[in-house]
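[1] could you work out the structure for the sequence below:
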Amino acid sequence: MNQQYKSKISRRSFLQVTAGAALLSGVSLPKSANAAGGERLSTIIDLSLCDGCVDRKIPACVSVCKEINKDKIPPIVDPIPEPWPRKTIEDWSKKQEVFDRLTPYNFIYVHKAEVTVAGRKKIIYVPRRCMHCDNPACATICPFSANHKFKNGAVVINQNQCFGGAKCKDVCPWEIPQRQSGVGIYLNVLPGFMGNGVMYKCDLCFDRLKEGKLPGCVEVCPREALLIGTKKAIEKVAIERARRINGFVYGDLQNGGTSTLYISPVPFEEINKTMTRKPGQPDMKLDVPRRMAGTDFLGKAVLAAPVLGLAVAGAAGAWNWFSRRKEEVKKKEGKNG
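    You can find the predicted model right below:
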């Protein structure tokens, strides 16, 4: 069902943000809505409000995200070990200024969509970042438990556990995670044979959430096009906004549901036509079935596994097992599809 919503947000605290949603939707509020609490959070990206910050060189959301995460990635080793057998090195350390696609140093970018609706041309600006799926396949498939879905809704990659194998990117319908070679734990295990760096993506400003702060992109948006609150409150506000602007929603059904809801005054089919899927530039196709729905049991097994034990005593075997398992799942999904 298509949904849209409208709300003004307070930027002082999560309680006030969620309260703003509740005032429009009539829902009750939790005592707290931060990373330590049990309430799951969701975000709205309202394309009817976003203007792409055309008066700035870099959109505000992109700029603040870069500033917050500028020291996230440690120095890259030189030379970077050549991985076997693919021998592919992905090094963005000398291209950190790139902001028109997703990279290990750029977790959000803004796509400009020129669409024609009812014979009229319209420009829509679309901020893209991790969707923070409700049941992320990326967290299920990671053989080293480096990718985790937290109770507050954020999907976070722990760079101190990630080997850069890109399994998370392989199973992500939008191929969101991006790899930086020459950094991470693999350098201390079997560089060249065990991994190829670390995968990076938006973590919903998880550290800021733990401090009761807003994600940077939500806090600085001059048009208040981004809103965050408890999932229940946000969904209620979504319904209200749907009634107001008669628009469309993306993210409520895709990949089994996500914690990121896009609101648009024009159909997403039209927006997707302006998107040519490229590395670091995902599309917005409507038909995005739940990936690896039959393998959720793996998530519990992986999270229970001792990471260092795997790394020291058989990580290569575990890696190959998960690779084979992923291929089996893909074949099975192909037959069922």
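[2] from here on, just use CA atoms for contacts and neighbour counts.
    Fine.
[3] Val64 touches Gly216, doesn't it?
    Yes: counting by Cα atoms under 8 Å, Val64 touches Gly216, with 6.0 Å between them.
[4] quick one, phi psi at the residue lying farthest from the centre of the chain?
    No residue in the chain sits farther from the centre than Gly119, which is 33.7 Å out by Cα atoms, centre = their mean. Here is the backbone geometry of Gly119 (degrees, to the nearest 10): phi 80, psi 0.
[5] next one: Lys112
    According to degrees, to the nearest 10, Lys112 has phi -100, psi 120.
[6] helix, strand or coil for the residue lying closest to it once chain neighbours are set aside?
    With Cα to Cα, 6 or more residues apart in numbering as the criterion, Lys112 has its nearest non-adjacent residue at 4.8 Å, and that residue is Tyr125. With DSSP: H, G, I helix; E, B strand; the rest coil as the basis, Tyr125 sits in strand.
[7] which parts of the stretch 151-300 of the chain are strands?
    Applying DSSP state E, counting those that start in this stretch to the stretch 151-300 of the chain gives strands spanning 155-157, 178-180, 198-200, 226-230, 248-250, 260-264.
[8] which strands or helices does the fifth one pack on?
    Packing partners of strand 248-250 (3 or more Cα pairs under 8 Å, 6 or more residues apart in numbering; DSSP states H and E): strand 260-264, helix 268-273.
[9] and if we set it to 7 Å?
    Judged by 3 or more Cα pairs under 7 Å, 6 or more residues apart in numbering; DSSP states H and E, strand 248-250 is in contact with strand 260-264.
[10] how about the second one?
    Strand 178-180 is packed against strand 198-200, with contacts defined by 3+ Cα pairs under 7 Å, 6+ apart.
[11] list the helices and strands the strand it packs on packs on?
    Secondary elements touching strand 198-200 (3+ Cα pairs under 7 Å, 6+ apart): strand 178-180.
[12] domain parsing for this protein?
    1-69+108-132+209-274, 73-106+135-201+292-337 (automatic domain parsing).
[13] roughly how far apart are Gln180 and Val77?
    11 Å (Cα to Cα, to the nearest Å).
[14] of those two, who's got more company?
    When Gln180 is set against Val77 and neighbours are counted by other Cα atoms under 10 Å, the residue ahead is Gln180, at 22 against 12.
[15] tell me who's in contact with that one.
    Shown in contact with Gln180 (Cα atoms under 7 Å, 6 or more residues apart in numbering): 90-92, 104, 197-199.
[16] can you do 10 Å?
    Residues in contact with Gln180 (Cα atoms under 10 Å, 6 or more residues apart in numbering) are 73, 76, 89-93, 103-105, 164, 196-200.
[17] just give me the closest of the residues you listed to Glu235.
    Glu235 has its nearest neighbour among the contacts of Gln180 in Tyr200, at 28.1 Å by Cα to Cα.
[18] all helices for this structure, in order.
    In the chain, the segments counted as helices under DSSP state H are 14-25, 60-68, 137-141, 167-171, 206-210, 216-220, 231-245, 268-273, 296-304, 307-312, 315-336.
[19] these: lowest mean pLDDT?
    Lowest mean pLDDT of these: helix 307-312, a mean of 39.
[20] what part of this structure, helix or strand, is modelled with the least confidence?
    For the chain, using mean pLDDT, DSSP states H and E, the weakest element among its helices and strands is helix 307-312, scoring a mean of 39.
[21] got the CA positions of stretch 202-222 in PDB?
    Taking C-alpha atoms only, stretch 202-222 is exported to PDB below (Å, rounded to 0.1, in the frame of the first residue of the first chain):
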ATOM      1  CA  CYS A 202      26.200   4.000   6.900                       C
ATOM      2  CA  ASP A 203      25.700   2.800  10.500                       C
ATOM      3  CA  LEU A 204      22.900   5.200  11.300                       C
ATOM      4  CA  CYS A 205      25.400   7.200  13.300                       C
ATOM      5  CA  PHE A 206      25.300   4.400  15.900                       C
ATOM      6  CA  ASP A 207      27.700   6.100  18.300                       C
ATOM      7  CA  ARG A 208      25.600   9.200  18.200                       C
ATOM      8  CA  LEU A 209      22.500   7.200  18.900                       C
ATOM      9  CA  LYS A 210      24.200   5.700  22.000                       C
ATOM     10  CA  GLU A 211      24.700   9.300  23.300                       C
ATOM     11  CA  GLY A 212      21.100  10.200  22.600                       C
ATOM     12  CA  LYS A 213      22.000  12.400  19.600                       C
ATOM     13  CA  LEU A 214      20.400  12.400  16.200                       C
ATOM     14  CA  PRO A 215      22.100  10.900  13.100                       C
ATOM     15  CA  GLY A 216      24.100  13.700  11.500                       C
ATOM     16  CA  CYS A 217      22.100  13.700   8.200                       C
ATOM     17  CA  VAL A 218      18.800  14.100  10.200                       C
ATOM     18  CA  GLU A 219      20.300  16.900  12.400                       C
ATOM     19  CA  VAL A 220      21.600  19.100   9.700                       C
ATOM     20  CA  CYS A 221      19.100  18.800   6.800                       C
ATOM     21  CA  PRO A 222      18.000  22.400   6.200                       C
END
